[in-house]
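1. Model the structure of this input:
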Amino acid sequence: MHAYLIRITLGTGQRLRLQGIFRDGCEAITQTLADWPGARAVSAICLRKKGGAA
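-> All right, here's what the predicted structure looks like:
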């Protein structure tokens with residue numbers, strides 16, 4: 001499990017930033033899209049430290 005920064009852009013243009021813990025980036029994106037069905041764009045950035053194990 002890794003911490004992810006989630007960026008969401010809604011259909012209204014509003015931008016949100018959230019943090020969450022997910023198994024991988026795919027889970028982060030699919031869960032965010034399920035929670036925010038009106039999202040126009042979603043990105044997930046893993047917050048691992050440099051040199052960390054995968």
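2. Check what pLDDT G11 gets.
-> pLDDT for G11: 91.
3. again with the one 5 residues further on
-> Confidence per residue is given as pLDDT, and for L16 that number is 96.
4. Show me what the helix or strand it falls within is packed up against.
-> Per DSSP states H and E: L16 is located in strand 15-22. Taking 3 or more C-beta pairs under 8 Å, 6 or more residues apart in numbering; DSSP states H and E as contact, the helices and strands that strand 15-22 lies on are strand 2-10, helix 25-35. Just so you know, the C-beta spots here come from the backbone N, C-alpha and C atoms, and that holds for glycine as well.
5. Give me the angle between that strand and strand 2-10.
-> Counting by axes from the mean of the first three to the mean of the last three C-alpha atoms, to 10 degrees, strand 15-22 points 150 degrees away from the direction of strand 2-10.
6. What pairs with strand 15-22, parallel or antiparallel?
-> Partner strands for strand 15-22, per DSSP bridges, with pairing direction: strand 2-10 (antiparallel).
7. In CSV, could you pull the C-alpha coordinates for the strand holding L16?
-> C-alpha atoms of strand 15-22 as CSV (Å, rounded to 0.1, in the frame of the first residue of the first chain):
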residue,chain,number,x,y,z
ARG,A,15,-10.0,21.4,-9.0
LEU,A,16,-9.5,19.3,-6.0
ARG,A,17,-6.5,17.6,-4.3
LEU,A,18,-6.9,14.7,-2.0
GLN,A,19,-4.5,12.1,-0.5
GLY,A,20,-5.3,8.4,-0.1
ILE,A,21,-3.6,5.0,0.4
PHE,A,22,-4.0,2.5,-2.4
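8. got the buried residues for it?
-> 20, 22 (16 or more other C-beta atoms under 10 Å).
9. Ok, stretch 26-44 next?
-> 27-29, 31-32, 36, 39, 42, 44.
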